[in-house]
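**Q** Here you go, sequence then predicted model.
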Amino acid sequence: MVMAEPLVLLPGMMCDARLFGPQIAELSAEMAVMVAPITQGERIEEIASGLLHMLPARFALAGAGMGGMVAMEILRRAPDRVTRIALLDTSPLADTPGDAANREPKIVKVRSGRLAEVMREEMKSSYFAPGPQCAQVMELAMDMADALGSEVYIRQNRALQRRRDQQGILRRCRAPALVLCGEHDELFTVKRHSFMAELIPYAKLVVVEQAGYMPTLEQPAVTTSALRTWMQQPLVLQ
């Protein structure tokens, strides 16, 4: 059996490796799995450039939320190094002027020591699927944010405010691509993911039932299965 190429996972905003805990546990027996932080730099381009110095020569790339946005920038910068790409609960669009402006009061609050308050406001229960796992997932999300701290929150929001539109990059992507989202995600909707999957010539769209913004934790088995299938796709799709 031929070993798959290394899998690089990029967590979402204010998340660490625990976002992919179930996937790391399952997939690391089959392939090399690496989690790369997206916590350094005030621009998506800067974060992507820093990561490219650390990553293997060629790798499969999966990013969730803001991690997906960094993944698209890595694909833009080094398409020859990215063997395949998975985009989970994310968006190729730039911040609108309104979205960028709305980040400012949150940054001010976080600067004054109110990170937990801001994160509670951001972790809306409507972003997650209803059910017994919702409170547990939200608690882990709060723990991850607390571990990363205020400076990372501010840097990541600055990067999100300044990010570029990546639709053109997705149209040019010829690698095996997975576009995955939770059916209950109201932040990055199913409609937006359908649109994103249509942009990419060889994309497969997976909508995870009983999951919202964090399907990796809300429905880990389904998400892991989708990632495994994507990793097993042949690299030459033409």
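**A** On my side now, so go ahead. Numbering: from 1, shown residues only.
**Q** alpha carbons only for contacts and neighbour counts from here, please
**A** Will do.
**Q** ok, the most centrally placed residue in the chain - contacts?
**A** The chain has A64 as the residue nearest its centroid, 1.3 Å off, counting by CA atoms, centre = their mean. Counting by CA atoms under 8 Å, 6 or more residues apart in numbering, A64 makes contact with L10, P11, G12, L87, L88, D89, T90.
**Q** any idea which of these is the one closest to I74?
**A** Distance to I74, by CA to CA, is smallest for L10 among the contacts of A64, at 11.0 Å.
**Q** Could you report the neighbour count for that closest one?
**A** For L10, the neighbour count with other CA atoms under 10 Å is 28.
**Q** What segments of this structure are strands?
**A** Along the chain, counting by DSSP state E, strands occupy 7-10, 33-35, 59-64, 82-88, 177-182, 203-208.
**Q** Just put those strands in a markdown table and tack on distance to V137 and mean pLDDT.
**A** Below are the strands of the chain laid out as a markdown table (distance: least, CA to CA, whole Å; pLDDT from 0 to 100):
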| stretch | distance to V137 | mean pLDDT |
| --- | --- | --- |
| strand 7-10 | 18 | 98 |
| strand 33-35 | 19 | 97 |
| strand 59-64 | 15 | 98 |
| strand 82-88 | 16 | 97 |
| strand 177-182 | 14 | 97 |
| strand 203-208 | 16 | 97 |
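**Q** CSV for the ones you listed, including distance to Q23?
**A** Shown next, in CSV, are these (distance: least, CA to CA, whole Å):
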stretch, distance to Q23
strand 7-10, 10
strand 33-35, 9
strand 59-64, 11
strand 82-88, 13
strand 177-182, 14
strand 203-208, 15
